[in-house]
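Peer 1: turn this into a model:
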Amino acid sequence: MRIVSNTGPLIALSAVGEMSLLQRIYGEVWVSTDVRDEIAAGPKLKSEEDLTTVSWLRIEAASTEDDLLSRMLDKGEASAIRLARQIGADMILIDERKGRKIAADIYGLRVIGTAGVLVHAKNLGLISSVTQTIRRMKEVGYWIDEAVLRTAAEKAGESV
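Peer 2: A predicted model of the protein is given here:
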């Protein structure tokens, strides 16, 4: 399976020591050079490792600009969507509502968010609690809507 990730999910998972879930579930994860640059330049959450040197992250330059994406989304989100289309990705990992909507509705990409990855990880027995993991993310500064937390908890068979 080819999956492309935006910046936020990588930072959120890394901040709580769970970024390796992506490798354990998907094997290799693609990121655009713009996403890599955002991670390298942005404010750091408490990270388990330097995200720019993870061996199973495949870094690739995204195709040329897309005017719609450039006007509607930030550089990382736009380049993640462009890269997903460029490589024929099976899925894109993106949390921001607007980016998810554009990826799915306009470009026909299959979208998953960090919470969805956690539900999948729990179903595979890789983590014990989606709710606790999301709460840890929130504690270190990653914003996840309470409605997303409730939905993920429900899908994982947990109570909030």
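Peer 1: check contacts around the closest residue to Ala61 other than its chain neighbours.
Peer 2: Leaving out its chain neighbours, the residue that sits closest to Ala61 by C-beta to C-beta, 6 or more residues apart in numbering is Thr33, at 4.9 Å. To be clear about C-beta, it is placed using only N, CA and C from the backbone, and glycine gets the same treatment. By C-beta atoms under 8 Å, 6 or more residues apart in numbering, the contact set of Thr33 is 59-62, 79.
Peer 1: out of the residues you listed, which is most surrounded?
Peer 2: Using other C-beta atoms under 10 Å as the neighbour criterion, Ser79 leads these with 31 neighbours.
Peer 1: reduced to three states, what does that residue come out as?
Peer 2: helix (DSSP: H, G, I helix; E, B strand; the rest coil).
Peer 1: circling back: so which of the contacts of Thr33 are in helices?
Peer 2: Within the contacts of Thr33, residues falling in helices by DSSP state H are Ser79.
Peer 1: between the contacts of Thr33, which sits nearest Ser70?
Peer 2: Ser79 (9.7 Å; C-beta to C-beta).
Peer 1: I'd guessed Val16 sits against Arg136; true?
Peer 2: Yes - contact status for Val16 versus Arg136: in contact at 4.4 Å, counting by C-beta atoms under 8 Å.
Peer 1: neighbour count: the two, which is higher?
Peer 2: Neighbours per residue (other C-beta under 10 Å) separate Val16 from Arg136, with Val16 holding more: 23 against 16.
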